[in-house]
Structures are given as C-alpha cells and as structure tokens.
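**Student:** requesting a structural model of the entry that follows:
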Amino acid sequence: MKLSEELVRDLLEIKAVQINPDNYFTWTSGIKSPIYCDNRLTMSYPGIRRKITNSFMEQIEALNVKPDIIAGCATAGIPHAAWLADRLNLPMVYVRSKPKGHGKGNQIEGELTKGKKVLVIEDLISTGGSALEAVKVLQQEGAEVMAVFAIFTYGLEKSIVNFSNANVPFQTIASFDTLIDRLVEDGKMEHNVKVELLSWRNNL
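**Tutor:** Next up, the predicted model:
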C-alpha cells in the first residue's frame with residue numbers, strides 16, 4: 001500500500017479528517033463543508049508523523065533540484081518542517097502569518113540566506129492563500145521558493161488557479177479524492193455519497 005493511502009486511513013482513524021455529509025462543519029472562512037481536517041492531531045502520533053516525513057522525503061527525492069532550506073508555515077506546518085529539516089540535516093525557518101508585534105517585528109524566524117532554494121511545508125491546502133502568502137514573504141526576502149509541500153488538499157479549483165498564477169508548484173501527500181476513494185473501497189461510504197461530496201467540492 002502506498003504511503004499516501006496508509007496516511008489517509010491514519011488520518012481517519014485519529015479523526016484528523018472527519019466527514020459528515022448530514023451535518024456540515026463551518027470553516028474559519030465561513031464555508032459550510034462536509035469535511036473537516038485538523039492535521040495538528042498528527043503531532044501526537046509518532047508513527048503517523050514519521051509517515052508524513054517519509055512521504056515528504058520521497059517527494060524530495062523525485063525533485064531534480066534539492067532544497068537548501070526548509071520553511072514551515074505557522075502554525076501547523078512548523079513541526080513537520082522541523083522533523084523534515086532534521087532528517088535532511090538542513091537549516092529551517094518558519095513564517096508567521098503576520099509580522100511579530102514586538103521585538104524586531106520579524107515575520108520570518110530563523111536565518112534565511114538570500115538566493116537559497118527554499119521548500120515550504122504546510123499542513124493543509126484549501127485555497128492556498130496562507131501558503132502563498134508565506135511564499136511571497138520568503139520571496140521578498142530573496143529566497144528562491146521551489147515548491148510548497150502539504151499533508152492534505154481539498155482539491156479546490158481555486159487552489160490550483162492560485163498556485164498557477166503565482167507560478168509556484170505544489171504537492172500533497174493525501175487528498176480529498178484519495179480520502180473518499182478509500183472510504184468507498186473500505187465499505188464506509190456509499191457511491192452516491194461520494195458523488196454528492198465530489199459535487200460539493202467541484203461547485204465550491
């Protein structure tokens with residue numbers, strides 16, 4: 001079984017990803033959704049977080065050019081960036097959602113050397129807005145952002161458009177599509193519910 005398929009089942013088991021077609025969740029944006037993803041829970045499960053790091057390692061091995069620095073998006077991307085940077089023996093930085101309100105007012109924490117190739121780690125891609133904001137901040141400080149890697153994506157068309165417009169490639173380990181395929185395969189979801197959920201996502 002692929003690591004991505006294992007991870008989908010792990011996320012479901014620890015309830016990091018929950019699906020409820022009968023009682024929609026409300027995202028921070030106000031969007032009503034049948035799916036809720038909280039990858040912060042993976043921090044508490046050493047075996048699962050190792051799978052995430054291993055999956056990121058596999059994706060990096062497939063790249064023609066390797067990163068010089070790993071950057072984590074605050075907050076949920078930070079621990080996974082740290083574990084990955086440690087495995088790769090690479091420097092790490094993290095990017096705040098906004099500049100710190102005291103001290104030096106940093107938005108990037110850690111030492112970022114201009115011209116270095118940076119791989120950005122995020123936990124979740126919805127529209128891609130937060131990850132691309134981190135990319136912009138890094139680029140403004142002279143970084144060459146190679147790509148954004150994330151644990152999970154809802155597969156929204158808006159995210160694909162946003163990353164394309166920013167000319168930034170992105171990859172994720174698991175996805176909404178993989179998730180519902182596994183649920184159907186495991187007999188935990190009827191095909192008509194899968195169709196309903198795909199329709200929700202594709203019309204969002």
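**Student:** report the longest helix in this structure, please.
**Tutor:** helix 46-61 (DSSP state H).
**Student:** okay, the most centrally placed residue in the chain: pLDDT?
**Tutor:** Centroid-nearest residue in the chain: residue 150, 2.5 Å away (criterion: C-alpha atoms, centre = their mean). For residue 150, the model assigns a pLDDT of 98.
**Student:** go on, the one 4 residues further on?
**Tutor:** Note on residue 154: pLDDT of 95.
**Student:** flag the shaky bits of the protein, pLDDT-wise.
**Tutor:** 1, 100-104 (pLDDT under 70).
**Student:** could you check the angle helix 46-61 makes with whichever strand or helix holds the residue nearest to the centre of the chain?
**Tutor:** Using DSSP states H and E, residue 150 maps to strand 144-153. For strand 144-153 against helix 46-61, the angle by axes from the mean of the first three to the mean of the last three C-alpha atoms, to 10 degrees is 140 degrees.
**Student:** next SSE after strand 144-153?
**Tutor:** helix 157-166.
**Student:** what packs against that following helix?
**Tutor:** If contacts are counted by 3 or more C-beta pairs under 8 Å, 6 or more residues apart in numbering; DSSP states H and E, helix 157-166 sits against helix 129-140. C-beta coordinates here come from the backbone N, C-alpha and C atoms, glycine included.
**Student:** dump the helix it packs on to PDB, restricted to CA.
**Tutor:** The C-alpha coordinates for helix 129-140 follow below in PDB (Å, rounded to 0.1, in the frame of the first residue of the first chain):
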ATOM      1  CA  GLY A 129      -3.900  31.600   0.400                       C
ATOM      2  CA  SER A 130      -1.900  31.100   3.600                       C
ATOM      3  CA  ALA A 131       0.900  29.100   1.900                       C
ATOM      4  CA  LEU A 132       1.200  31.500  -1.000                       C
ATOM      5  CA  GLU A 133       1.400  34.400   1.500                       C
ATOM      6  CA  ALA A 134       4.300  32.700   3.200                       C
ATOM      7  CA  VAL A 135       5.900  32.200  -0.300                       C
ATOM      8  CA  LYS A 136       5.500  35.900  -1.000                       C
ATOM      9  CA  VAL A 137       7.200  36.900   2.300                       C
ATOM     10  CA  LEU A 138      10.100  34.500   1.600                       C
ATOM     11  CA  GLN A 139      10.500  35.800  -2.000                       C
ATOM     12  CA  GLN A 140      10.500  39.400  -0.800                       C
END
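**Student:** list the buried residues of it.
**Tutor:** By 16 or more other C-beta atoms under 10 Å, the buried positions in helix 129-140 come out as 130, 131, 132, 134, 135, 137, 138.
**Student:** and of the residues you listed, the nearest to residue 56?
**Tutor:** Nearest to residue 56 among the buried residues of helix 129-140, counting by C-beta to C-beta, is residue 131 at 14.5 Å.
**Student:** was I right about that closest one contacting residue 125?
**Tutor:** Yes - shown here, residue 131 and residue 125 form a contact pair, counting by C-beta atoms under 8 Å, at 6.4 Å.
**Student:** tell me how many other residues crowd the nearest residue to residue 35 once chain neighbours are set aside.
**Tutor:** If the residues on either side of it in the chain are set aside, residue 35 comes closest to residue 19, at 5.1 Å by C-beta to C-beta, 6 or more residues apart in numbering. Counted with other C-beta atoms under 10 Å, residues neighbouring residue 19 total 19.
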